[in-house]
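[1] Would you be able to build a 3D model of this:
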Amino acid sequence: MTLEALLIGHESGLTNIHWSPSNNPVLLSTASDNSLVIWTPSSDGIWVPSHRFGAIGGRGLAFYGAIWGSEGRTVMAGGWNGGWERWVNEAEAGEDDRWEVKPGLAGHHGDVKSIAWDPKGDYLVSVG
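    As a prediction, the model looks like this:
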């Protein structure tokens, strides 16, 4: 077993990590420091944080996981308080990534048993 990469950028314990569904090698990680990080490899092979999202303002509860939307242009993260945060990459072709925060979700007050994106990536379905 060999170490492929060391991801340095979170200030607390990692809670989740996922590969992007896009054709590019991109990782999404969440941590108990209320942050999400999108990681991309640099030209010399080192994984660097290219985008950082998170919650501020005394929320005090970490993200326990996040998922990519279709084609890797949407990210949703769930917190221990039952709410979901959402970010969408609004960049046009040829532009640098431009992630915008969008309204999240609320509704479940108990355990969520399963989640899935619709085939076009327009909405998320959850079952409690």
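[2] What number of residues are in the vicinity of residue 11?
    By the measure other CB atoms under 10 Å, the count of residues near residue 11 is 9. Using the backbone N, CA and C atoms, a C-beta is placed for each residue, glycine as well.
[3] Who are the contact partners of the nearest residue to it once chain neighbours are set aside?
    Leaving aside its sequence neighbours, residue 11 sits nearest to residue 33 (CB to CB, 6 or more residues apart in numbering; 4.3 Å). Applying CB atoms under 8 Å, 6 or more residues apart in numbering to residue 33 gives the contacts 10, 11, 12, 54, 62.
[4] would you turn the residues you listed into a markdown table with secondary structure?
    Below are those laid out as a markdown table (DSSP: H, G, I helix; E, B strand; the rest coil):
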| residue | secondary structure |
| --- | --- |
| 10 | coil |
| 11 | coil |
| 12 | coil |
| 54 | strand |
| 62 | coil |
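[5] got a pLDDT number for the residue nearest to residue 11?
    As predicted, residue 33 sits at a pLDDT of 80.
[6] Secondary structure class of it, three-state.
    Reduced to three states by three-state DSSP, residue 33 is coil.
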